[in-house]
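[1] sequence first, predicted coordinates after that:
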Amino acid sequence: MPNQSRPWLRILDRFNILDIFRLPQPPLIDRGFGLIYDTERDITWLQDMNYAKTLGRSADGQLTWPAAMAWVSSLNYRGIRGWRLPTALNRDGSGPVAGNNCVGSELGHLYLDVFATHPNIVTLRNGTIPCIYWTSTEASAEEAYALDLFSLRQGTLWKDPFQQRFPSVPLSGPVLSWPVHDGDVAAELRSNWLQRLFSSIVSMFRS
């Protein structure tokens, strides 16, 4: 079927004039349904930063790394599956990087890049600082990577950080798990919601 768009629109688009009027997307978008979309990484975060506590998975939301990995992989949020912990790797798959200014990891990008320049861009729930967030990246048989939100430092942590060891650095805060999902998964929820709304309206007219 031939393009039916107006000729003047095609001319403007051909010379990229329309791009002048296109506003850039913000780095984070509140999609509703308790979901926050990262437009730069194409991933979706739960708005609830301590969902394990909200669900009663543990009294304070703290989990060992194996328990966090198992919980997130089996999570069903509003019918959406396929959740994971954020990775400590850089966007190109290199790393993981340890230390300060690890903006390449998903949590590092969120806190050291997005929130550093857009501190009030979205509203999150159940956040607490200081705290530590697990990543999905394993360091060894006994350790995994995590990001400390107090020091903004990414490094390794015992997979069971609550077990007494010596020597051991005291934890700066609770060790939490923040689920993330690849892609803009809120689109599926919006589609399902619109379908239910349409079906309800049709049923009203039929009754």
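    Nice, thanks for sending it over.

[2] pLDDT value on the spatially most central residue of the chain, please?
    Nearest to the geometric centre of the chain sits Trp45, at 2.5 Å (Cα atoms, centre = their mean). Note on Trp45: pLDDT of 99.

[3] for Pro66, the count of nearby residues, please.
    Using other Cβ atoms under 10 Å, Pro66 has 11 other residues around it. C-beta coordinates here come from the backbone N, C-alpha and C atoms, glycine included.

[4] all helices of the protein, in order?
    In the chain, the helices defined using DSSP state H lie at 7-14, 51-54, 65-73, 106-108, 115-117, 186-206.

[5] among the ones you listed, which gets the worst mean confidence?
    Looking at the helices of the chain, the bottom one is helix 7-14 with a mean of 54.

[6] hang on, the earlier thing: dig out what the residue nearest to the centre of the chain forms beta bridges with.
    Ile36, Val180 (DSSP bridges).

[7] what sits closest to Gly183 if chain neighbours are left out?
    Asp42 (6.1 Å; Cβ to Cβ, 6 or more residues apart in numbering).

[8] surely the one you found and Asp184 touch.
    Yes - counting by Cβ atoms under 8 Å, Asp184 is a contact partner of Asp42 at 7.0 Å.

[9] in terms of neighbours, single out the busier of the two.
    Neighbour count, other Cβ under 10 Å: between Asp42 and Asp184, Asp184 has more, with 17 against 10.

[10] shouldn't that one be in contact with Arg41?
    No - using Cβ under 8 Å, Asp184 is not in contact with Arg41; the gap is 10.9 Å.

[11] show me where this structure has strands.
    Taking DSSP state E to define them, one finds strands in the chain at 28-32, 35-38, 43-46, 99-100, 132-138, 143-148, 153-158, 175-176, 180-182.
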